[in-house]
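Engineer: All I have is the shape, not the residue letters:
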C-alpha cells in the first residue's frame, strides 16, 4: 500500500469506516501540516528534530486552522463531514496511522484526543458577541 496515493488510501479507509467524509481526512492532513509549521515557528529549538506533534498540539492546530479556513462556519463544516468532537479527529488520525500515512510514537494513544475542547467553545464562541455588556438599545429602554 505504500504506492497508493493519499486520495486512494482515504477511499479505502472510507469504505471500511464510513463515519467521516473524505474531506475530513484531507482537512486533518492539511491541519497537521499547519500545526507542524506553527510548532516550529513558536518553538524554533524543535527545528531539525522529529516533526511529531502530540494529540493536544494537533487538536490546537486543527482548531486554529479550521477557524482560519472556515471562520464562523467551522463547526458546521466539520459536522457536515461527520466530525463532531475531538475524539473524531483522533479516529481519523488513527485510521491514517493504520494505513501508514501518519506515524505514531509508542506513547501516542487515541485517548490523547479525548475531548480536549468542546466544539461550541472552540468554533462558535469566538464569533459570539461579548456578554456582560448591555446593548445601547437595551440601555436606552431602561
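Structural biologist: That came through fine. All of these numbers come straight from a predicted model, not from anything done at the bench.
Engineer: From now on I want contacts and neighbour counts done on CA atoms only, so please keep to that.
Structural biologist: Noted.
Engineer: Who are the packing partners of the top helix by length along the chain?
Structural biologist: In the chain, with assignment by DSSP state H, the single longest helix is helix 22-42. Here helix 22-42 touches helix 6-16, helix 55-70, helix 86-98, going by 3 or more CA pairs under 8 Å, 6 or more residues apart in numbering; DSSP states H and E.
Engineer: export the ones you listed to CSV and tack on distance to residue 76, mean neighbour count and mean pLDDT?
Structural biologist: Formatted as CSV, the helices and strands packed on helix 22-42 follow (distance: least, CA to CA, whole Å; neighbours: other CA atoms under 10 Å; pLDDT from 0 to 100):
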stretch, distance to residue 76, mean neighbour count, mean pLDDT
helix 6-16, 20, 15, 96
helix 55-70, 9, 19, 97
helix 86-98, 14, 20, 97
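Engineer: And the spatially most central residue of the chain, how close does it get to residue 55?
Structural biologist: Among the residues of the chain, the one closest to the centroid is residue 62, at 3.2 Å (CA atoms, centre = their mean). Residue 62 sits 10 Å away from residue 55, going by CA to CA, to the nearest Å.
Engineer: what does residue 86 give?
Structural biologist: Counting by CA to CA - residue 86 and residue 55 are separated by 10 Å.
Engineer: what is in contact with those two at once?
Structural biologist: Taking CA atoms under 8 Å, 6 or more residues apart in numbering as the contact rule, residue 86 and residue 55 both touch residue 113.
Engineer: so the residue nearest to the centre of the chain sits right up against residue 32, yeah?
Structural biologist: Yes. Contact criterion CA atoms under 8 Å: residue 62 and residue 32 qualify, at 7.1 Å.
Engineer: how about the helices and strands packed on helix 22-42 in JSON lines, adding distance to residue 26?
Structural biologist: Converted to JSON lines, the helices and strands packed on helix 22-42 look like this (distance: least, CA to CA, whole Å):
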{"stretch": "helix 6-16", "distance to residue 26": "8"}
{"stretch": "helix 55-70", "distance to residue 26": "12"}
{"stretch": "helix 86-98", "distance to residue 26": "10"}
